[in-house]
Each structure stands twice: as structure tokens, then as C-alpha cells.
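Chemist: take this sequence and fold it.
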Amino acid sequence: MDRYVVIGNPVAHSRSPEIHARFARQTGEALQYERLEAPRDGFGAAAHAFFLGGGRGANVTLPFKADAFAFASQLTPRARLAGAVNTLAARDDGILGDNTDGAGLVADLKGNLGLALAGARVLLVGAGGAAHGVVAPLLVERPARLVIANRTSARARELAARFSALGPVEGTGLESVRGPFDLVVNATSSSTHGESLALPDGVLAPGVVAYDMAYGPSAEPFLARARAAGAAANDGLGMLVEQAAESFLLWRGKRPATAPVIAALRAS
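Modeler: Here you go, the predicted model:
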């Protein structure tokens, strides 16, 4: 039976095994999918051992998306553009790295939440591996404005410059953010680490859609703050399922239906 894993640290909370088990039943595919926690300084060794042992593919979560980019021997165009990898697939001539995060985010925002991104004013908070994967797909949707904000403003400006040819994108420090915005996306790991997100007052407000790319308890501090400010609050469970479907397509050649899986996860 073909083996797949999700690699991260921490990773015990991941719902990816349940998602891919549902995809497998839905599509009639036989596979085994487990969690693999790698040491924070040992991603390469853990991934190498997994694939050497016959593993066929891996999803990659925090904090290893840059490590996975370096590990892959081949890259899809969207992974190369992002500079980060969240999906690895064994091929006869090496390990292919892909990035399905952006496709997953856009699919959830548009298909599941019904948001119109064309002409929208979007704030993306964070400039790490999670943010790298979604900038280009967001710009493809032709927002009126995409602002990348980060605690270290230089990293935000560097990320914006990387994608400046694709659309109206700018980078700034968190303390310098000025609205209004229609959509605020949290791509940081602040909640996971129990840290507060230093957004200026007024960024989250009635009429704003707040979206955390994390899900479950990790997303709750940001979402609670958004709700308190009158914003509509959404976690990233739908994105998780949508990006997983993109990974499943890469691995198995079949794209599963996501709506019933999202509904089942919400219900449980």
C-alpha cells in the first residue's frame, strides 16, 4: 500500500490523515497516510528516510516549507515562484516539490465562502512560508490592493517586491498598516505560539472578512479578536481540505470532491 505523511513540528493536531482517508474512500484509492513529526533541525533527514523507505508523497506544514523547497530535486512553476513547498511527490527521477496552499486558499474563499476577490482590498499578515505560497494566486484574482504586513517590515517589502510584476502589492510593518480592507488573512503562526498579533485598531471592523489560515484552537485568538471588532471570522479548515485535494490530485491523478469532507470535519 502506498504510504503518505504530513511532516511538521508540531503535527499531532493535524487533521490531514482524516482528510486523505476520506478522499481515498471517496475515490476508491488504497493508501496509508500518517503524521511524521521531524526535529526542527532535522527535516531533510526525516524526509530522506521516509522516501528512501518507499514513501510516495508528503504534505509539509510549519515550520518546514522552506526546508521542503530546498529538499525537492524538482519544482513545479508555482512552487518555484512561491519559494516554498507544501507537497512532495516521489517520481522516478527524483522528488517533485509543489505548493498547493494558494490554490487551496482561493478555492475556499471563492468557492466555499462566496467572496469576490476581484477589486477587493486585501491585507495579508505574515511573510513566512505560508504567506509565500498564497501571494501569486491572490494577485491572479486581480484585487485592487494587496498589502503584506509583517513584524519585520523588510521581510514584507522583500516578499512584495518578489511579486510586484503580478499586480498591485506592497509590503509594510504591522504597526504601519492602514485600511480600509475588505479581507484580512492571517498567515502567521502567532496563535500557534500563543503570541498576540499587533494589528492596529480599526483594521478589523464591521464589514471586514477575517480569515485565519490556521484552524481549530490555533486560529481562535485571531478569530475571537475579529468577532469582537464586528468582523466576519473564518478559520482555514476549508483551505486545508482544498489544498489537500490539490495534493491528492498530484499523487493519485484524481481530484476528490471537497464539500462533503469539509462538512464532515465541521460536524465532528
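
Chemist: where along the stretch 101-250 of the chain do the strands fall?
Modeler: Taking DSSP state E, counting those that start in this stretch, the strands of the stretch 101-250 of the chain run over residues 121-125, 145-150, 169-173, 183-186, 209-212, 232-234.

Chemist: what is the mean pLDDT for the fifth one?
Modeler: In this case it means strand 209-212. Strand 209-212 carries an average pLDDT of 97.

Chemist: alpha carbons only: can I get that strand in PDB?
Modeler: Extracted C-alpha coordinates of strand 209-212, given in PDB (Å, rounded to 0.1, in the frame of the first residue of the first chain):
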ATOM      1  CA  VAL A 209     -13.900  39.400   6.400                       C
ATOM      2  CA  ALA A 210     -11.200  38.000   8.700                       C
ATOM      3  CA  TYR A 211      -9.600  34.700   7.700                       C
ATOM      4  CA  ASP A 212      -7.000  32.700   9.600                       C
END
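
Chemist: pLDDT score for residue 217?
Modeler: Residue 217 carries a pLDDT value of 87.

Chemist: ok, it to residue 224 distance?
Modeler: Using C-beta to C-beta, to the nearest Å, one gets 11 Å for the distance from residue 217 to residue 224. (Glycine included, C-beta is placed from N, CA and C.)

Chemist: please apply the same query to residue 46.
Modeler: Taking C-beta to C-beta, one finds residue 46 at 34 Å from residue 224.

Chemist: more crowded one of those two?
Modeler: residue 46 (20 against 12; other C-beta atoms under 10 Å).

Chemist: switch the strands of the stretch 101-250 of the chain over to a markdown table; also include mean neighbour count and distance to residue 134.
Modeler: Output for the strands of the stretch 101-250 of the chain, formatted as a markdown table (neighbours: other C-beta atoms under 10 Å; distance: least, C-beta to C-beta, whole Å):
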| stretch | mean neighbour count | distance to residue 134 |
| --- | --- | --- |
| strand 121-125 | 24 | 7 |
| strand 145-150 | 24 | 10 |
| strand 169-173 | 19 | 12 |
| strand 183-186 | 26 | 7 |
| strand 209-212 | 26 | 11 |
| strand 232-234 | 20 | 15 |
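
Chemist: can I get these in CSV including distance to residue 105?
Modeler: What follows is those, written out as CSV (distance: least, C-beta to C-beta, whole Å):
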stretch, distance to residue 105
strand 121-125, 10
strand 145-150, 13
strand 169-173, 15
strand 183-186, 7
strand 209-212, 8
strand 232-234, 11
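
Chemist: so where is this protein shaky, pLDDT-wise?
Modeler: 191-196 (pLDDT under 70).

Chemist: show me where the stretch 101-250 of the chain has its helices.
Modeler: Here the stretch 101-250 of the chain has its helices, by DSSP state H, counting those that start in this stretch, at 101-107, 129-132, 135-140, 153-162, 220-228, 237-252.
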